[in-house]
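Chemist: Okay, predicted coordinates and the sequence, questions at the end:
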Amino acid sequence: MKTATRTRLQLLIFVAACCVSHFACAQFYFENNDGYRLWQKYDTIEDKVTRQQMREKLKTLNISGNSATTKIIREELKYALTGLLGHPPRLSQKLEDQQLIIGTPETLPKKVYSQLNPLEKLGEEGYRIRSLTVQGKNLTVIIGNSDTAILYGTYHLLRLIQTHTNISALNITEIPKIDIRVLNHWDNLDRHVERGYAGESIWDWHKLPDYKYQRYYDYARANASIGINGTVLNNVNANPDILRPEYLQKVAALAEVFRPYGIKVYLSINFSSPHIIGGLKTSDPLNSEVAQWWKSKADEIYQLIPDFGGFLVKANSEGQPGPGDFGRTHAEGANMLADVLEPHGGIVMWRAFVYANEKNEERSKQAYSEFKPLDGQFRKNVLVQSKNGPIDFQPREPISPLFGATPQTPIMMEFQITLEYLGLSTHLVYLGPLYEEVLNTDTGAKGKGSTVGKIIDGSLFNNTISGMAGVANIGSDRNWTGHIMLQSNWYVFGRLAWNHEQTAKDIANDWIRMTLTNDHETVNTISNMMMASRETTVNYMTPLGLHHIMGTGHHYGPGPWVNNLGRDDWNPVYYHRADSQGIGFNRSATGVNAIEQYHPELRQLYAKPETTPDEFLLWFHHLPWEYKMKSGKSLWDELTHHYYQGAENVKQMHKEWLKLESKIDPHPFNQVKMALEIQEQEAIWWRNACVLYFQQFSRLPIPSGLEKPQGTLAEYKAAQFPYAPGQGG
Ligand code: GCW
């Protein structure tokens, strides 16, 4: 071969090799930054000084104990510290060498743990992280009364490292305020996720119990890292098949994966299971054969899963069967199940989301009317699980009056993490401020300071058990939640379930630092964006207390005109009540008197339009279009301005994001950019459709200075979305 030809060939090979390796590199880079790792990204800390300081303190570790959980702690720390600090830590058995020591009172050297007593208050899940001096040596110690507790402590320390917090003088004690911190998956056995917008269910029931995806372990890691200690695997619209022996084997396989991470499994059950899969004539809870069927079923479950958590039940709600079918109360139904679970340590989470057309009572009042009289009748291992508001996970609702109404019955919170009513998975909406607003609302149940947080954590009424559930936004998309920014909603749910006194802002900052960047200025920009995002969405969807005006069935986009559904209280027109006189739902004493269900403080606040905060105005009052608002504007002008402001804020958020191109990894940057383009268009869609629709009644002009909507109301009304994702039924 001639030299020139050979050189050309070599060059060609070289270029080809470069292309291949570049491609491989890019591939790896994108895979690594596609959101799969959630907030558990352990990329090397770029700032040398910070990295060096951390490394000096964490060169040698000892994690005592030999359980599956301590093994996880060891693996996680090795993996995380090698990534974050650029060097694998050394594991050492010799106390003189060790810099980070993790263990329980049983496994730690006495010299160490004697400095950390007393530990009883920590309970089973609390932990302490302390910088100590033992025999003249500086140590960091993580101690807790159980292996799960020290796993939580380990994740806390990792968070400090990931957020570049100084770890040289630590004195942290953490005890969860709420006992049961669970995700609720609305996942069907065919892998469709009701109200899920992130792909199909992560549970591959067909391949279970033998095939266990790595994702199951990563799911458990992520949950444990934020203190979630339970998961309800299947939809509350429950398929009875979940209780068949072959499915219980599959459930047991998942339970086995989750156990070392401190996560229990729970199941949603169909109340008619004794009849449907048990072949009994009835599912009447007071029938002895029925009770016996449930007892045997519980025994069968606990044989397979000794630490099974219990049942979640949606009964006599939206077509689901329940004790009401047999003339029995919710308490009778719940207690029958509670009795069969009790010997095994299981609990019942009984949903309060019930409303029925036959009841001649306005929908927002029904849960309270149903459950308040039952206070004192439930077994000790029953919690009543209530959605945060009295209707249904709207962008904004006042609190459900059930919070604070049942001193003898623990009320458990149900938040929605998935964005069913807030833009599915394309709108950037950080829910921290919504959760915070609800948890900090003062119910007045026992005087000032009776916040919802104190009710659900059991402290106000000294309940012996407490819980908080979040309807998951997780699916099998690579980034888990369909939109990388929406991972923050899973994250903030877990952190607030652990301690509802933390602020949404602090949690957002942690999440950003762990997931996107530690650059101070960028963290601030994104955090401001996130904190404003929920109010922005309220503005372009349902300002001033409007609610339930979304598209039918799929709940995608605006539908204030919808008036043809089977039940009155499924129709948006039922909720906004716009007419030539005005707009809003009169729930005050002159209307349906829903305010009577609140304690005097809130009742008085909501009694009159003048005292009602603007954000709840049209929830409680029907007011004339010319009604003078606190701002001095007419109600029509104010409403219109809110819609325009909402859409404008999305535009601004989009602009702000574009400025971050050089600050964020290309993959998340582009994903969020594309989603913001959609959100910007959809915010305008919501604004235009609603303003044009309400204008038919107000007959008032769009205030000057605001652009006229493009498109006609007829066009907006005609739009159909038969294949929108996540539908129910
Ligand atoms: O908001 C409604 C949803 C239904 C859901 C129901 C519930 C699981 O549209 O999809 O059903 O609430 O909470 O039970």
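Modeler: Received, thanks.
Chemist: Run through the residues of the stretch 401-550 of the chain sitting next to the ligand.
Modeler: E420 (CB under 6 Å from any ligand atom). In this view, the C-beta of every residue, glycine as well, is placed from N, C-alpha and C.
Chemist: got it, and the chain?
Modeler: 186, 194-195, 236-237, 314, 318, 353, 392-393, 420, 728.
Chemist: Make JSON lines out of these and add secondary structure, distance to Y213 and pLDDT.
Modeler: Converted to JSON lines, the residues of the chain next to the ligand look like this (DSSP: H, G, I helix; E, B strand; the rest coil; distance: CB to CB, whole Å; pLDDT from 0 to 100):
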{"residue": "W186", "secondary structure": "coil", "distance to Y213": "20", "pLDDT": "98"}
{"residue": "E194", "secondary structure": "coil", "distance to Y213": "21", "pLDDT": "98"}
{"residue": "R195", "secondary structure": "coil", "distance to Y213": "23", "pLDDT": "98"}
{"residue": "V236", "secondary structure": "coil", "distance to Y213": "24", "pLDDT": "98"}
{"residue": "N237", "secondary structure": "coil", "distance to Y213": "25", "pLDDT": "98"}
{"residue": "K314", "secondary structure": "coil", "distance to Y213": "28", "pLDDT": "98"}
{"residue": "E318", "secondary structure": "coil", "distance to Y213": "32", "pLDDT": "92"}
{"residue": "F353", "secondary structure": "coil", "distance to Y213": "31", "pLDDT": "97"}
{"residue": "D392", "secondary structure": "coil", "distance to Y213": "33", "pLDDT": "96"}
{"residue": "F393", "secondary structure": "coil", "distance to Y213": "29", "pLDDT": "97"}
{"residue": "E420", "secondary structure": "coil", "distance to Y213": "26", "pLDDT": "98"}
{"residue": "G728", "secondary structure": "coil", "distance to Y213": "26", "pLDDT": "90"}
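Chemist: dump the residue contacts of the closest residue to the ligand within the stretch 401-550 of the chain.
Modeler: As assessed by CB to the nearest ligand atom, the ligand sits closest to E420 within the stretch 401-550 of the chain, at 6.0 Å. Neighbouring residues of E420 by CB atoms under 8 Å, 6 or more residues apart in numbering: 195, 393, 555, 726.
Chemist: Count the neighbours of the third one for me.
Modeler: It refers to H555. 23 (other CB atoms under 10 Å).
Chemist: Please apply the same query to the last one.
Modeler: Neighbourhood size, G726 [other CB under 10 Å]: 22.
Chemist: That one contacts A198, correct?
Modeler: No. At 9.2 Å, G726 and A198 do not qualify as touching, with contact defined as CB atoms under 8 Å.
Chemist: Mutual contacts of those two, please.
Modeler: Joint contacts of G726 and A198 (CB under 8 Å, 6+ apart) do not exist.
Chemist: quick one: E46 from H548, how far?
Modeler: Counting by CB to CB, to the nearest Å, the gap from E46 to H548 is 47 Å.
Chemist: picking up where we left off before, out of the residues of the chain next to the ligand, the closest to the ligand would be?
Modeler: Ranked by distance to the ligand (CB to the nearest ligand atom), the residues of the chain next to the ligand are led by G728 at 3.7 Å.
Chemist: contacting residues around G467?
Modeler: Contacts of G467 by CB under 8 Å, 6+ apart are 178-182, 349, 383, 385, 410, 412-413, 456.
Chemist: let's see it at 10 Å
Modeler: 178-182, 230, 347, 349, 383-385, 410-414, 456-458, 497 (CB atoms under 10 Å, 6 or more residues apart in numbering).
Chemist: Now, those that are in helices?
Modeler: Residues from the contacts of G467 lying in helices, with DSSP state H as the criterion: 456, 497.
Chemist: Show me where the stretch 1-150 of the chain dips below the pLDDT cut-off.
Modeler: Applying pLDDT under 70 to the stretch 1-150 of the chain picks out residues 1-31.
Chemist: Tell me which stretches of it form strands.
Modeler: All strands of the stretch 1-150 of the chain, identified by DSSP state E, counting those that start in this stretch, fall at 60-63, 90-91, 100-103, 127-134, 137-144.
Chemist: ok, back up a step: quick one, which of E46 and H548 is more surrounded?
Modeler: Each of E46 and H548 has its neighbours counted (other CB under 10 Å); H548 has more, 24 against 11.
Chemist: Chain neighbours aside, what residue packs nearest to that one?
Modeler: Excluding its sequence neighbours, the residue lying closest to H548 (CB to CB, 6 or more residues apart in numbering) is Y575, at 4.2 Å.
Chemist: where does that neighbour land on pLDDT?
Modeler: According to the prediction, Y575 has pLDDT 97.
Chemist: Contact partners for it?
Modeler: Counted by CB under 10 Å, 6+ apart, Y575 has contacts 363-364, 391, 394, 542, 546-549, 560, 568-569, 584-585, 618-619.
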